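1. Pasting a predicted model and its sequence here:
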Amino acid sequence: AAMRSRAEVDATLQTAKVNPAELLPAVHCLSFGPQAGGGECCLLQLEPGLCAELEAGRSLVIRGEEDEHAVLCSKDKTYDMKIADTSNMLLFVPGCKTPEELNADPASCNIIHSQIAGFSKNYWELRRCRPKLKKLRKLLMEDPYKGPDSWKDQTSTFSKYTTEDLLSLIQASEEEILHQLQVIDACKIEGYWRILDFDYEMKLLNHVTQLIDSESWPLSKVPLSACLEELGSLEPREMIEHILLSYGRKYVDDAGEVFFEMREDKICRAIAQMLLQNAVKFNLSEFEEVWQQSVPEGMTTRLDQLQGLALVDKSSRPETIFLLKVEDLPEDNQERFNSLFGIRQKWTEVDITPYIQDLCAEKQTVGALLTKYARSSMLNGIKVYNSRRPIS
Amino acid sequence: LSHSGGTGALAQWVLVELQGEVEPRQGGDLAGSLLGDLHYTCEGVPVLIVGHHILYGKVVQLEKPFAVLVKQGGAPQPSPAGPHGHYTVTALIKTKLLFKTRPKPIITHVPRKV
(Lines give C-alpha, C1' and ligand atoms only; values in the text may rest on other atoms or scores of the structure.)
Protein backbone atom coordinates (compact mmCIF):
# COMPACT_ATOMS: atom_id res chain seq x y z
CA ALA A 1 0.00 0.00 0.00
CA ALA A 2 1.19 3.49 -0.70
CA MET A 3 2.64 5.36 2.23
CA ARG A 4 0.40 7.99 3.67
CA SER A 5 1.32 11.59 3.15
CA ARG A 6 1.14 14.45 5.62
CA ALA A 7 -1.76 15.85 3.66
CA GLU A 8 -3.71 12.62 3.99
CA VAL A 9 -3.01 12.46 7.72
CA ASP A 10 -4.20 16.02 8.18
CA ALA A 11 -7.31 15.34 6.15
CA THR A 12 -8.15 12.39 8.40
CA LEU A 13 -7.67 14.55 11.47
CA GLN A 14 -9.99 17.12 10.03
CA THR A 15 -12.65 14.50 9.25
CA ALA A 16 -12.29 13.15 12.75
CA LYS A 17 -12.68 16.66 14.13
CA VAL A 18 -9.45 16.40 16.11
CA ASN A 19 -7.64 19.64 16.65
CA PRO A 20 -4.02 19.30 15.46
CA ALA A 21 -2.97 22.00 17.90
CA GLU A 22 -3.70 19.62 20.76
CA LEU A 23 -1.40 16.98 19.32
CA LEU A 24 2.34 16.42 19.23
CA PRO A 25 3.64 17.08 15.73
CA ALA A 26 4.78 13.51 14.98
CA VAL A 27 2.36 10.84 13.80
CA HIS A 28 2.88 7.08 13.43
CA CYS A 29 1.23 5.62 10.36
CA LEU A 30 0.70 2.02 11.32
CA SER A 31 0.50 -0.67 8.71
CA PHE A 32 0.93 -4.40 8.77
CA GLY A 33 4.36 -5.64 7.89
CA PRO A 34 4.93 -8.44 5.40
CA GLN A 35 5.24 -11.14 8.07
CA ALA A 36 2.48 -9.85 10.29
CA GLY A 37 -0.15 -12.48 9.67
CA GLY A 38 2.28 -15.37 9.70
CA GLY A 39 2.00 -16.22 13.38
CA GLU A 40 5.72 -16.71 13.73
CA CYS A 41 6.00 -14.13 16.48
CA CYS A 42 4.70 -14.78 19.93
CA LEU A 43 4.83 -13.00 23.25
CA LEU A 44 6.42 -14.24 26.43
CA GLN A 45 5.61 -12.44 29.67
CA LEU A 46 8.77 -12.09 31.73
CA GLU A 47 9.02 -12.70 35.44
CA PRO A 48 11.15 -10.28 37.47
CA GLY A 49 14.82 -10.69 36.74
CA LEU A 50 14.40 -12.34 33.36
CA CYS A 51 14.22 -9.05 31.49
CA ALA A 52 17.51 -7.97 33.03
CA GLU A 53 19.06 -11.31 32.12
CA LEU A 54 18.05 -10.93 28.49
CA GLU A 55 19.35 -7.38 28.37
CA ALA A 56 22.64 -8.59 29.83
CA GLY A 57 22.90 -10.88 26.85
CA ARG A 58 22.13 -14.11 28.66
CA SER A 59 19.98 -16.80 27.11
CA LEU A 60 16.75 -18.31 28.13
CA VAL A 61 16.06 -21.84 27.02
CA ILE A 62 12.81 -23.67 26.42
CA ARG A 63 13.14 -27.31 27.35
CA GLY A 64 10.80 -30.21 26.92
CA GLU A 65 10.29 -33.19 24.71
CA GLU A 66 7.10 -33.67 22.71
CA ASP A 67 5.31 -35.46 25.53
CA GLU A 68 6.35 -33.00 28.21
CA HIS A 69 4.94 -29.58 29.05
CA ALA A 70 7.55 -27.06 28.08
CA VAL A 71 9.46 -25.16 30.71
CA LEU A 72 11.60 -22.08 30.39
CA CYS A 73 15.01 -22.09 32.02
CA SER A 74 17.25 -19.20 32.89
CA LYS A 75 20.74 -19.89 34.13
CA ASP A 76 19.51 -20.92 37.55
CA LYS A 77 15.71 -21.10 37.60
CA THR A 78 12.93 -23.09 35.97
CA TYR A 79 9.45 -21.85 35.01
CA ASP A 80 6.28 -23.58 33.82
CA MET A 81 4.86 -22.07 30.63
CA LYS A 82 1.15 -21.57 30.19
CA ILE A 83 -0.87 -19.79 27.53
CA ALA A 84 -2.86 -16.82 28.77
CA ASP A 85 -5.73 -15.61 26.63
CA THR A 86 -6.77 -12.03 26.55
CA SER A 87 -9.95 -10.89 24.89
CA ASN A 88 -7.99 -8.12 23.26
CA MET A 89 -5.75 -7.91 20.24
CA LEU A 90 -2.08 -7.30 20.97
CA LEU A 91 -0.06 -5.73 18.20
CA PHE A 92 3.71 -5.57 18.38
CA VAL A 93 5.17 -2.48 16.86
CA PRO A 94 8.90 -1.94 16.33
CA GLY A 95 10.18 1.59 16.27
CA CYS A 96 7.08 3.04 17.86
CA LYS A 97 7.92 5.97 20.08
CA THR A 98 6.29 6.99 23.32
CA PRO A 99 5.37 10.62 24.01
CA GLU A 100 8.42 10.94 26.27
CA GLU A 101 10.72 9.78 23.50
CA LEU A 102 9.13 12.15 21.01
CA ASN A 103 9.43 15.09 23.37
CA ALA A 104 13.02 14.21 24.16
CA ASP A 105 13.99 14.28 20.52
CA PRO A 106 12.82 17.50 18.90
CA ALA A 107 14.23 16.46 15.56
CA SER A 108 11.90 13.45 15.36
CA CYS A 109 10.31 12.89 12.02
CA ASN A 110 6.96 14.29 11.26
CA ILE A 111 5.62 11.02 9.87
CA ILE A 112 6.90 7.74 11.21
CA HIS A 113 5.88 4.80 9.08
CA SER A 114 5.70 1.90 11.52
CA GLN A 115 5.19 -1.64 10.44
CA ILE A 116 3.34 -3.93 12.78
CA ALA A 117 5.54 -7.00 13.10
CA GLY A 118 2.86 -9.31 14.40
CA PHE A 119 -0.20 -9.64 16.54
CA SER A 120 -1.71 -12.12 18.95
CA LYS A 121 -4.67 -12.68 21.21
CA ASN A 122 -2.57 -14.58 23.70
CA TYR A 123 0.84 -14.78 25.29
CA TRP A 124 2.96 -17.20 27.31
CA GLU A 125 2.83 -16.76 31.06
CA LEU A 126 5.59 -18.01 33.32
CA ARG A 127 5.33 -19.43 36.78
CA ARG A 128 8.38 -20.40 38.78
CA CYS A 129 8.39 -24.11 39.42
CA ARG A 130 10.49 -26.82 40.97
CA PRO A 131 13.03 -28.09 38.47
CA LYS A 132 12.00 -31.47 37.12
CA LEU A 133 14.98 -33.43 38.33
CA LYS A 134 13.59 -36.89 38.93
CA LYS A 135 14.39 -37.72 35.31
CA LEU A 136 18.05 -36.97 35.98
CA ARG A 137 18.38 -39.80 38.46
CA LYS A 138 16.30 -42.05 36.18
CA LEU A 139 18.64 -41.44 33.25
CA LEU A 140 21.79 -42.04 35.26
CA MET A 141 20.32 -45.19 36.79
CA GLU A 142 19.99 -46.70 33.31
CA ASP A 143 23.63 -47.65 33.53
CA PRO A 144 25.12 -47.29 37.02
CA TYR A 145 28.88 -47.53 37.19
CA LYS A 146 30.00 -50.85 38.57
CA GLY A 147 33.72 -50.30 38.44
CA PRO A 148 36.42 -50.46 35.79
CA ASP A 149 36.25 -54.23 35.57
CA SER A 150 32.65 -54.22 34.54
CA TRP A 151 32.71 -55.48 30.95
CA LYS A 152 29.59 -53.61 30.00
CA ASP A 153 31.25 -50.35 30.76
CA GLN A 154 34.12 -50.80 28.41
CA THR A 155 31.95 -51.24 25.38
CA SER A 156 28.86 -49.14 24.98
CA THR A 157 28.21 -45.45 25.33
CA PHE A 158 24.50 -46.15 25.15
CA SER A 159 22.67 -44.70 28.14
CA LYS A 160 25.63 -42.54 28.99
CA TYR A 161 25.09 -38.83 29.27
CA THR A 162 27.36 -35.83 28.95
CA THR A 163 26.52 -32.47 30.49
CA GLU A 164 25.16 -31.31 27.12
CA ASP A 165 22.95 -34.41 26.85
CA LEU A 166 21.52 -33.75 30.27
CA LEU A 167 20.92 -30.09 29.51
CA SER A 168 18.83 -31.02 26.50
CA LEU A 169 16.86 -33.77 28.23
CA ILE A 170 16.19 -32.41 31.72
CA GLN A 171 13.63 -29.69 32.30
CA ALA A 172 15.70 -27.59 34.63
CA SER A 173 18.26 -24.81 34.51
CA GLU A 174 21.94 -25.60 34.19
CA GLU A 175 22.70 -24.56 37.74
CA GLU A 176 19.86 -26.66 39.11
CA ILE A 177 21.09 -29.67 37.14
CA LEU A 178 24.71 -29.29 38.22
CA HIS A 179 23.64 -28.82 41.82
CA GLN A 180 21.51 -31.96 41.71
CA LEU A 181 24.38 -33.96 40.23
CA GLN A 182 26.39 -32.98 43.27
CA VAL A 183 23.54 -33.87 45.64
CA ILE A 184 23.20 -37.37 44.21
CA ASP A 185 26.99 -37.89 44.28
CA ALA A 186 27.28 -38.32 40.55
CA CYS A 187 30.75 -38.21 39.07
CA LYS A 188 32.18 -37.66 35.64
CA ILE A 189 33.91 -40.68 34.17
CA GLU A 190 35.45 -40.21 30.73
CA GLY A 191 33.25 -37.22 30.10
CA TYR A 192 30.01 -38.95 31.06
CA TRP A 193 28.04 -38.33 34.22
CA ARG A 194 27.66 -41.55 36.17
CA ILE A 195 25.99 -42.68 39.33
CA LEU A 196 27.66 -45.49 41.21
CA ASP A 197 25.97 -48.84 41.48
CA PHE A 198 25.05 -49.11 45.14
CA ASP A 199 26.91 -52.35 45.77
CA TYR A 200 30.04 -50.94 44.18
CA GLU A 201 29.64 -47.78 46.21
CA MET A 202 29.42 -49.81 49.42
CA LYS A 203 32.46 -51.80 48.38
CA LEU A 204 34.44 -48.58 47.99
CA LEU A 205 33.14 -47.23 51.28
CA ASN A 206 34.05 -50.44 53.00
CA HIS A 207 37.66 -50.21 51.73
CA VAL A 208 37.92 -46.77 53.25
CA THR A 209 36.28 -47.57 56.58
CA GLN A 210 38.38 -50.71 57.02
CA LEU A 211 41.51 -48.71 56.27
CA ILE A 212 40.49 -46.05 58.79
CA ASP A 213 40.00 -48.80 61.33
CA SER A 214 43.30 -50.60 60.67
CA GLU A 215 45.27 -47.35 60.68
CA SER A 216 43.38 -46.07 63.73
CA TRP A 217 42.88 -42.69 62.08
CA PRO A 218 40.45 -40.35 63.80
CA LEU A 219 37.21 -40.14 61.81
CA SER A 220 37.70 -36.41 61.54
CA LYS A 221 41.15 -36.61 60.02
CA VAL A 222 41.45 -39.11 57.20
CA PRO A 223 44.42 -38.36 54.93
CA LEU A 224 43.76 -38.41 51.18
CA SER A 225 47.27 -39.31 50.08
CA ALA A 226 47.52 -42.32 52.36
CA CYS A 227 44.15 -43.59 51.16
CA LEU A 228 45.21 -43.30 47.55
CA GLU A 229 48.46 -45.07 48.29
CA GLU A 230 46.96 -47.94 50.26
CA LEU A 231 43.87 -48.46 48.14
CA GLY A 232 45.19 -47.45 44.75
CA SER A 233 45.99 -51.02 43.87
CA LEU A 234 42.43 -52.16 44.59
CA GLU A 235 40.37 -49.44 42.93
CA PRO A 236 40.89 -46.50 40.56
CA ARG A 237 42.28 -43.44 42.38
CA GLU A 238 39.43 -41.30 41.04
CA MET A 239 36.92 -43.64 42.66
CA ILE A 240 38.72 -43.58 46.01
CA GLU A 241 38.76 -39.83 45.96
CA HIS A 242 35.12 -39.76 44.85
CA ILE A 243 33.97 -41.92 47.74
CA LEU A 244 35.89 -39.74 50.18
CA LEU A 245 34.26 -36.64 48.70
CA SER A 246 30.83 -38.24 48.87
CA TYR A 247 31.10 -39.41 52.45
CA GLY A 248 33.44 -36.87 53.93
CA ARG A 249 34.08 -33.17 54.17
CA LYS A 250 37.29 -32.14 52.49
CA TYR A 251 39.68 -29.71 54.16
CA VAL A 252 43.29 -28.70 54.01
CA ASP A 253 45.45 -28.38 57.11
CA ASP A 254 48.08 -25.73 57.77
CA ALA A 255 50.74 -27.84 56.10
CA GLY A 256 48.66 -27.98 52.94
CA GLU A 257 47.74 -31.64 53.27
CA VAL A 258 44.28 -32.79 52.26
CA PHE A 259 42.10 -34.52 54.85
CA PHE A 260 38.51 -35.65 55.15
CA GLU A 261 36.17 -35.37 58.09
CA MET A 262 33.97 -38.43 57.65
CA ARG A 263 30.24 -37.80 57.69
CA GLU A 264 28.84 -40.05 60.38
CA ASP A 265 25.18 -39.53 59.47
CA LYS A 266 25.67 -40.27 55.81
CA ILE A 267 27.75 -43.37 56.42
CA CYS A 268 25.28 -44.77 58.95
CA ARG A 269 22.46 -44.06 56.54
CA ALA A 270 24.17 -45.86 53.67
CA ILE A 271 24.83 -48.90 55.80
CA ALA A 272 21.20 -48.93 56.89
CA GLN A 273 20.14 -48.91 53.25
CA MET A 274 22.47 -51.81 52.59
CA LEU A 275 20.83 -53.80 55.39
CA LEU A 276 17.24 -52.83 54.64
CA GLN A 277 17.26 -53.50 50.92
CA ASN A 278 17.55 -57.23 51.54
CA ALA A 279 14.02 -57.80 52.86
CA VAL A 280 10.54 -56.34 52.78
CA LYS A 281 10.68 -55.32 56.42
CA PHE A 282 12.61 -55.94 59.61
CA ASN A 283 11.94 -56.31 63.28
CA LEU A 284 12.90 -52.84 64.50
CA SER A 285 14.92 -53.77 67.56
CA GLU A 286 16.81 -56.50 65.72
CA PHE A 287 17.58 -54.11 62.92
CA GLU A 288 18.84 -51.41 65.30
CA GLU A 289 21.20 -53.90 66.92
CA VAL A 290 22.66 -55.20 63.67
CA TRP A 291 22.88 -51.71 62.29
CA GLN A 292 24.92 -50.37 65.20
CA GLN A 293 27.28 -53.31 64.93
CA SER A 294 27.75 -52.73 61.21
CA VAL A 295 28.87 -49.14 61.31
CA PRO A 296 32.51 -48.10 61.81
CA GLU A 297 33.95 -47.98 65.29
CA GLY A 298 33.17 -44.66 66.91
CA MET A 299 29.97 -43.98 65.00
CA THR A 300 26.54 -43.94 66.60
CA THR A 301 23.39 -44.89 64.76
CA ARG A 302 20.14 -42.95 65.26
CA LEU A 303 16.78 -43.44 63.62
CA ASP A 304 16.59 -39.80 62.54
CA GLN A 305 19.51 -40.50 60.19
CA LEU A 306 17.01 -42.49 58.10
CA GLN A 307 14.56 -39.72 57.24
CA GLY A 308 13.30 -40.13 53.71
CA LEU A 309 14.95 -43.53 53.50
CA ALA A 310 13.04 -45.81 55.84
CA LEU A 311 9.78 -45.82 57.72
CA VAL A 312 9.04 -47.26 61.14
CA ASP A 313 5.70 -48.96 61.69
CA LYS A 314 4.84 -48.28 65.31
CA SER A 315 1.44 -49.92 65.04
CA SER A 316 2.73 -53.42 64.41
CA ARG A 317 3.78 -55.77 67.27
CA PRO A 318 6.72 -56.03 67.30
CA GLU A 319 7.53 -52.69 65.70
CA THR A 320 9.01 -52.99 62.23
CA ILE A 321 11.03 -50.90 59.81
CA PHE A 322 11.11 -50.97 56.03
CA LEU A 323 12.85 -49.22 53.19
CA LEU A 324 10.95 -46.32 51.60
CA LYS A 325 13.07 -43.96 49.54
CA VAL A 326 11.62 -40.55 48.77
CA GLU A 327 13.44 -40.53 45.44
CA ASP A 328 11.41 -43.55 44.33
CA LEU A 329 8.15 -41.69 44.84
CA PRO A 330 6.30 -39.64 42.19
CA GLU A 331 7.47 -36.10 41.47
CA ASP A 332 4.01 -34.60 40.96
CA ASN A 333 2.41 -33.28 44.17
CA GLN A 334 -0.96 -35.04 43.89
CA GLU A 335 0.62 -38.29 42.74
CA ARG A 336 3.09 -38.14 45.63
CA PHE A 337 0.32 -37.78 48.19
CA ASN A 338 -1.74 -40.52 46.54
CA SER A 339 1.27 -42.79 46.70
CA LEU A 340 1.97 -42.00 50.36
CA PHE A 341 -1.63 -42.51 51.42
CA GLY A 342 -1.62 -45.79 49.51
CA ILE A 343 1.31 -46.94 51.65
CA ARG A 344 -0.18 -45.75 54.91
CA GLN A 345 -3.66 -44.37 55.48
CA LYS A 346 -2.85 -42.00 58.31
CA TRP A 347 0.40 -40.12 58.79
CA THR A 348 1.70 -37.93 61.56
CA GLU A 349 3.37 -34.72 60.46
CA VAL A 350 6.71 -35.94 61.79
CA ASP A 351 6.56 -39.11 59.69
CA ILE A 352 5.32 -37.55 56.47
CA THR A 353 7.53 -34.45 56.42
CA PRO A 354 10.68 -36.14 55.04
CA TYR A 355 8.54 -37.51 52.21
CA ILE A 356 7.02 -34.21 51.12
CA GLN A 357 9.69 -31.70 52.05
CA ASP A 358 11.09 -31.67 48.52
CA LEU A 359 7.71 -30.68 47.10
CA CYS A 360 7.76 -27.30 48.77
CA ALA A 361 7.97 -24.45 46.31
CA GLU A 362 9.93 -21.30 47.12
CA LYS A 363 8.56 -20.00 50.43
CA GLN A 364 6.01 -22.80 50.74
CA THR A 365 5.85 -24.77 54.00
CA VAL A 366 5.09 -28.43 54.66
CA GLY A 367 2.05 -27.20 56.60
CA ALA A 368 0.71 -25.45 53.53
CA LEU A 369 1.12 -28.62 51.46
CA LEU A 370 -0.69 -30.67 54.08
CA THR A 371 -3.54 -28.19 54.17
CA LYS A 372 -3.89 -28.43 50.43
CA TYR A 373 -3.48 -32.14 49.82
CA ALA A 374 -4.56 -33.81 53.04
CA ARG A 375 -7.28 -33.81 55.65
CA SER A 376 -6.42 -33.81 59.31
CA SER A 377 -8.04 -35.60 62.21
CA MET A 378 -7.17 -36.68 65.74
CA LEU A 379 -6.14 -40.25 66.54
CA ASN A 380 -5.40 -41.16 70.14
CA GLY A 381 -4.71 -37.56 70.95
CA ILE A 382 -2.29 -37.10 68.06
CA LYS A 383 -2.97 -35.09 64.92
CA VAL A 384 -2.84 -37.29 61.83
CA TYR A 385 -3.29 -36.67 58.11
CA ASN A 386 -5.14 -38.76 55.59
CA SER A 387 -6.19 -38.48 52.00
CA ARG A 388 -8.79 -35.98 50.86
CA ARG A 389 -10.17 -38.46 48.42
CA PRO A 390 -10.95 -42.19 48.48
CA ILE A 391 -7.97 -44.22 47.36
CA SER A 392 -8.77 -46.91 44.84
CA LEU B 1 15.21 -25.54 21.74
CA SER B 2 17.10 -22.44 22.71
CA HIS B 3 16.41 -18.81 22.15
CA SER B 4 18.73 -16.06 23.01
CA GLY B 5 19.34 -12.42 22.46
CA GLY B 6 21.23 -11.74 19.25
CA THR B 7 24.42 -9.76 19.05
CA GLY B 8 24.05 -6.18 20.18
CA ALA B 9 21.38 -4.63 22.34
CA LEU B 10 17.85 -5.93 22.15
CA ALA B 11 15.37 -3.75 20.29
CA GLN B 12 12.59 -2.11 22.29
CA TRP B 13 9.18 -2.43 20.76
CA VAL B 14 5.79 -1.20 21.88
CA LEU B 15 2.59 -3.15 22.37
CA VAL B 16 -0.66 -1.75 21.08
CA GLU B 17 -3.66 -3.34 22.75
CA LEU B 18 -7.01 -3.06 21.03
CA GLN B 19 -10.42 -4.50 21.59
CA GLY B 20 -11.92 -6.74 18.97
CA GLU B 21 -10.53 -8.34 15.88
CA VAL B 22 -8.18 -7.09 13.26
CA GLU B 23 -9.45 -7.78 9.79
CA PRO B 24 -8.20 -6.64 6.44
CA ARG B 25 -10.44 -4.33 4.52
CA GLN B 26 -12.25 -5.94 1.60
CA GLY B 27 -10.99 -9.37 2.66
CA GLY B 28 -7.56 -8.80 1.19
CA ASP B 29 -4.21 -9.77 2.58
CA LEU B 30 -3.34 -8.27 5.92
CA ALA B 31 0.28 -7.80 5.01
CA GLY B 32 0.97 -4.32 3.77
CA SER B 33 -2.45 -2.91 4.61
CA LEU B 34 -2.85 0.20 6.72
CA LEU B 35 -4.15 0.05 10.26
CA GLY B 36 -4.42 3.72 11.05
CA ASP B 37 -2.76 6.86 12.35
CA LEU B 38 -1.38 7.03 15.86
CA HIS B 39 -1.15 10.49 17.42
CA TYR B 40 -0.39 11.71 20.91
CA THR B 41 -1.99 14.70 22.53
CA CYS B 42 0.29 17.26 24.11
CA GLU B 43 -0.52 15.62 27.43
CA GLY B 44 0.75 12.30 26.08
CA VAL B 45 -2.60 10.61 25.54
CA PRO B 46 -2.41 8.25 22.54
CA VAL B 47 -5.09 8.77 19.91
CA LEU B 48 -5.63 6.14 17.26
CA ILE B 49 -7.66 6.71 14.17
CA VAL B 50 -8.60 3.38 12.63
CA GLY B 51 -10.90 3.37 9.66
CA HIS B 52 -13.97 5.25 10.77
CA HIS B 53 -13.21 5.05 14.45
CA ILE B 54 -11.28 7.22 16.81
CA LEU B 55 -9.86 5.63 19.93
CA TYR B 56 -8.39 7.27 23.00
CA GLY B 57 -5.97 5.24 25.07
CA LYS B 58 -3.25 5.48 27.65
CA VAL B 59 0.44 4.73 27.90
CA VAL B 60 1.09 1.91 30.38
CA GLN B 61 4.50 0.90 31.68
CA LEU B 62 4.33 -2.86 31.95
CA GLU B 63 5.00 -4.35 35.34
CA LYS B 64 6.06 -7.53 33.60
CA PRO B 65 7.74 -6.79 30.28
CA PHE B 66 7.30 -9.05 27.31
CA ALA B 67 9.88 -10.74 25.15
CA VAL B 68 9.00 -11.17 21.50
CA LEU B 69 9.91 -14.64 20.31
CA VAL B 70 10.31 -15.36 16.64
CA LYS B 71 10.16 -18.95 15.53
CA GLN B 72 13.03 -20.10 13.39
CA GLY B 73 12.56 -22.24 10.38
CA GLY B 74 8.87 -21.73 9.79
CA ALA B 75 7.74 -24.72 11.84
CA PRO B 76 4.06 -25.27 12.76
CA GLN B 77 2.23 -23.15 15.35
CA PRO B 78 2.99 -23.62 19.05
CA SER B 79 0.85 -26.40 20.46
CA PRO B 80 -1.04 -26.16 23.76
CA ALA B 81 1.51 -28.42 25.39
CA GLY B 82 4.23 -25.94 24.79
CA PRO B 83 6.25 -24.21 22.16
CA HIS B 84 8.61 -26.61 20.54
CA GLY B 85 11.28 -25.59 18.15
CA HIS B 86 13.87 -22.89 17.91
CA TYR B 87 13.08 -19.37 18.95
CA THR B 88 15.04 -16.15 19.01
CA VAL B 89 14.29 -13.23 21.26
CA THR B 90 13.93 -10.38 18.80
CA ALA B 91 12.80 -7.59 21.06
CA LEU B 92 11.63 -6.53 24.48
CA ILE B 93 8.39 -4.71 25.17
CA LYS B 94 8.20 -2.56 28.28
CA THR B 95 5.44 -0.19 27.22
CA LYS B 96 1.97 -0.69 25.91
CA LEU B 97 -0.60 1.62 24.44
CA LEU B 98 -3.91 0.43 25.79
CA PHE B 99 -7.04 1.37 23.89
CA LYS B 100 -9.98 0.30 25.96
CA THR B 101 -12.41 3.09 25.37
CA ARG B 102 -15.29 2.38 23.07
CA PRO B 103 -14.38 3.64 19.66
CA LYS B 104 -16.13 6.80 18.70
CA PRO B 105 -17.26 6.51 15.12
CA ILE B 106 -16.31 9.23 12.73
CA ILE B 107 -19.50 10.55 11.23
CA THR B 108 -18.52 10.96 7.62
CA HIS B 109 -17.62 7.76 5.81
CA VAL B 110 -15.44 8.95 3.05
CA PRO B 111 -12.06 10.35 4.09
CA ARG B 112 -11.65 13.64 2.39
CA LYS B 113 -9.07 13.45 -0.30
CA VAL B 114 -6.83 16.36 -0.94
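-> That came in fine, so what should we check first? Residues are numbered from 1 along each chain as shown, chains lettered A, B, ... in the order given.
2. quick one: residue B:68 from residue B:93, how far?
-> Separation of residue B:68 from residue B:93 (Cβ to Cβ, to the nearest Å) stands at 6 Å. All C-beta atoms are positioned from the backbone trio N, CA, C, and that covers glycine.
3. shared neighbours, these two?
-> Contact with both residue B:68 and residue B:93 is made by residues A:43, A:92, B:13, according to Cβ atoms under 8 Å, 6 or more residues apart in numbering or on different chains.
4. Tell me the secondary structure at residue A:88.
-> strand (DSSP: H, G, I helix; E, B strand; the rest coil).
5. circling back to that earlier point, point out the ones among the shared contacts of residue B:68 and residue B:93 that are inside strands.
-> Among the shared contacts of residue B:68 and residue B:93, the residues falling in strands (DSSP state E) are A:43, A:92, B:13.
6. Of those, which is the nearest to residue A:291?
-> residue A:43 (57.6 Å; Cβ to Cβ).
7. Tell me who's in contact with the closest one.
-> A:90, A:92, A:120, A:122, A:123, A:124, B:15, B:66, B:67, B:68, B:69, B:93.
8. how about low-confidence regions in chain B?
-> Counting by pLDDT under 70, chain B shows low-confidence ranges at B:1-8, B:21-29, B:72-86, B:101-114.
9. my guess is residue A:4 contacts residue A:111, does it?
-> Yes. Between residue A:4 and residue A:111 there is a contact at 7.1 Å, judged by Cβ atoms under 8 Å.
10. Do I have it right that residue A:224 meets residue A:241?
-> Yes. If you go by Cβ under 8 Å, residue A:224 and residue A:241 touch, sitting 6.9 Å apart.
11. my guess is residue A:127 is in a helix, correct?
-> No. Residue A:127 is assigned strand when assessed by three-state DSSP, not a helix.
12. Just say helix, strand or coil for the closest residue to it other than its chain neighbours.
-> Counting by Cβ to Cβ, 6 or more residues apart in numbering or on different chains, residue A:80 is the residue found nearest to residue A:127 once chain neighbours are left out, at 4.8 Å. Secondary structure, three-state DSSP: residue A:80 is strand.
13. again with the one 3 residues further on
-> Put simply, residue A:83 is strand when judged by three-state DSSP.
14. tell me the contacts of it?
-> With Cβ under 8 Å, 6+ apart, residue A:83 has these contacts: A:122, A:123, A:124, A:125, B:80.
15. related to what we said a few turns ago, what is the burial count for the residue nearest to residue A:127?
-> For residue A:80, the neighbour count with other Cβ atoms under 10 Å in any protein chain shown is 17.
16. again with residue A:390
-> By other Cβ under 10 Å, neighbour count at residue A:390 equals 5.
17. do residue A:161 as well
-> Residue A:161 has 22 nearby residues by other Cβ under 10 Å.
18. what bridges to it?
-> On DSSP bridges, the residues paired with residue A:161 through beta bridges are residue A:193.
19. So it is in contact with residue A:189, correct?
-> No. Using Cβ under 8 Å, residue A:161 is not in contact with residue A:189, being 11.3 Å away.
20. Show me what residue of chain A gets nearest to chain B.
-> Residue of chain A nearest chain B, by Cβ to the nearest Cβ: residue A:70 (2.6 Å).
21. can you map out the helices along chain B?
-> Per DSSP state H, chain B carries no helices over any range.
22. give me phi/psi at residue A:118?
-> With angles defined as degrees, to the nearest 10, residue A:118 sits at phi -180, psi 170.
23. Next up, the contacts around the closest residue to it other than its chain neighbours.
-> Leaving aside its sequence neighbours, residue A:118 sits nearest to residue A:41 (Cβ to Cβ, 6+ apart; 3.4 Å). Residues near residue A:41 by Cβ under 8 Å, 6+ apart: A:35, A:92, A:117, A:118, A:120, B:68, B:69, B:70, B:71, B:90.
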